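Peer 1: from the sequence below, what's the structure:
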Amino acid sequence: MIPHDVPTAEQLIESVREWIERDVISATTGRLQFHARVAMNVLAMVERELRGGTALAAAHQARLGELGVSDEADLAAAIRSGAFDDRSERVRELVWDSVRDKLSVSNPKYLES
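Peer 2: Numbering: from 1, shown residues only. The predicted structure is shown next:
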């Protein structure tokens with residue numbers, strides 16, 4: 001439970017994103033419109049992270065834990081060293097799960113194809 005009243009951070013971000021989408025994009029052109037679209041996309045990413053980020057972070061940490069590494073740098077080093085050659089299929093599955101989770105925040109449209 002968040003100790004703040006409404007609107008929540010997620011609701012505030014959603015309001016700004018919707019305002020940009022509804023009013024700013026149609027009232028601008030060129031470079032300013034491009035930057036408004038970028039801002040809108042960034043706010044949408046933050047919304048998705050606020051909604052599911054805690055669960056995604058926990059799932060990612062569990063995957064790293066299953067592999068016995070503390071972070072992605074350790075994972076990369078273990079892969080490079082051949083430490084996971086005997087279970088490369090499982091490592092591939094876990095890495096793909098992490099990539100899918102990251103895409104679900106950064107750009108879920110990439111998961112549609």
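
Peer 1: could you list the low-pLDDT ranges of this structure?
Peer 2: For the chain, the stretches with pLDDT under 70 are 1-3.

Peer 1: would you map the helices across it?
Peer 2: Taking DSSP state H as the test, the helices found in the chain are 9-19, 30-67, 72-81, 88-106.

Peer 1: which one of these lies closest to residue 113?
Peer 2: Among these, the nearest to residue 113 by Cβ to Cβ is helix 88-106 (11.1 Å). Where C-beta positions appear, they are placed from N, C-alpha and C, glycine not excepted.

Peer 1: which helices and strands does the closest one pack with?
Peer 2: Here helix 88-106 touches helix 30-67, going by 3 or more Cβ pairs under 8 Å, 6 or more residues apart in numbering; DSSP states H and E.

Peer 1: related to what we said a few turns ago, tabulate the helices of the chain (a markdown table), appending mean neighbour count and distance to residue 112.
Peer 2: Converted to a markdown table, those look like this (neighbours: other Cβ atoms under 10 Å; distance: least, Cβ to Cβ, whole Å):
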| stretch | mean neighbour count | distance to residue 112 |
| --- | --- | --- |
| helix 9-19 | 14 | 20 |
| helix 30-67 | 14 | 15 |
| helix 72-81 | 13 | 26 |
| helix 88-106 | 14 | 10 |
